[in-house]
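Peer 1: My questions are about this predicted structure, shown below with the sequence.
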Amino acid sequence: MKKTIIFASVIATMFVISKCTGPKTATKAPETKEESKAPSNSLLEIANKTWPAATVASLAQGQTIYTTKCNKCHELFPIVGRSEASWKHEIKDMAPKAKLTAEETDLLSQYLLSARQVQ
Ligand code: HEC
């Protein structure tokens, strides 16, 4: 009986420790989140095919909108792996939830629809 209790508390302790040292702390800073892609020349190249006026700065604005306004109700979703149609649908749904202006919605779309193509 005593052995069972000791065994159970060892397991419980291991569980608590693993919870505390989980990946949560490593993904705190928005700029290190793998869900977001830092604006780069390859990202700009992709963006310019659809938005000739996009710049590294405008993509950075889009990234900031994504990492600061889209994580209020849930964690950020991975950008890569969602189809263009699905992102367009989500942006339309979520922009009002995040209270984005038309301009912010545009910057976010340019960023997400380009970043989803960066591997
Ligand atoms: C006010 C809260 C709120 C904000 C702000 C918000 N979301 Fe959401 N989001 C939700 C809820 C609730 C769901 C799940 C239900 C749904 O799809 O409506 C969701 C679901 C999603 C999904 C997943 C859909 C799926 O099932 O695969 C994506 C992607 C998403 N949000 C993206 C965004 C983006 C991008 C932004 C920033 C513009 C954003 N969200 C801001 C509440 C929010």
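Peer 2: The structure has been received and is ready for your questions.

Peer 1: for A85, what are its contacts?
Peer 2: A85 makes no contacts at all, as judged by C-beta atoms under 8 Å, 6 or more residues apart in numbering. (C-beta placed from N, C-alpha, C; glycine too.)

Peer 1: roughly how far apart are it and K69?
Peer 2: Separation of A85 from K69 (C-beta to C-beta, to the nearest Å): 22 Å.

Peer 1: Next, S114: phi, psi?
Peer 2: Backbone torsions of S114, given as degrees, to the nearest 10, read phi -80, psi -50.

Peer 1: same deal with K88?
Peer 2: The phi/psi pair for K88 (degrees, to the nearest 10) is phi -60, psi -40.

Peer 1: May I ask you to confirm that it is in contact with L112?
Peer 2: No - K88 lies out of contact with L112 (C-beta atoms under 8 Å); the separation is 9.1 Å.

Peer 1: ok, the two, which is more surrounded?
Peer 2: L112 (24 against 13; other C-beta atoms under 10 Å).

Peer 1: quick one, what contacts that one?
Peer 2: Contacts of L112 (C-beta under 8 Å, 6+ apart): 62, 66, 79, 87, 91.

Peer 1: E104 and I65 touch, don't they?
Peer 2: Yes - between E104 and I65 there is a contact under C-beta under 8 Å: 5.4 Å.

Peer 1: In which helix or strand does the closest residue to T105 other than its chain neighbours reside?
Peer 2: Once flanking residues are discounted, T105 sits nearest to A95: 4.4 Å by C-beta to C-beta, 6 or more residues apart in numbering. According to DSSP states H and E, A95 maps onto helix 84-97.

Peer 1: Neighbours of A57, how many?
Peer 2: 10.

Peer 1: give me the element it is part of.
Peer 2: Here A57 is assigned to helix 56-69, by DSSP H and E.

Peer 1: Thank you, goodbye.
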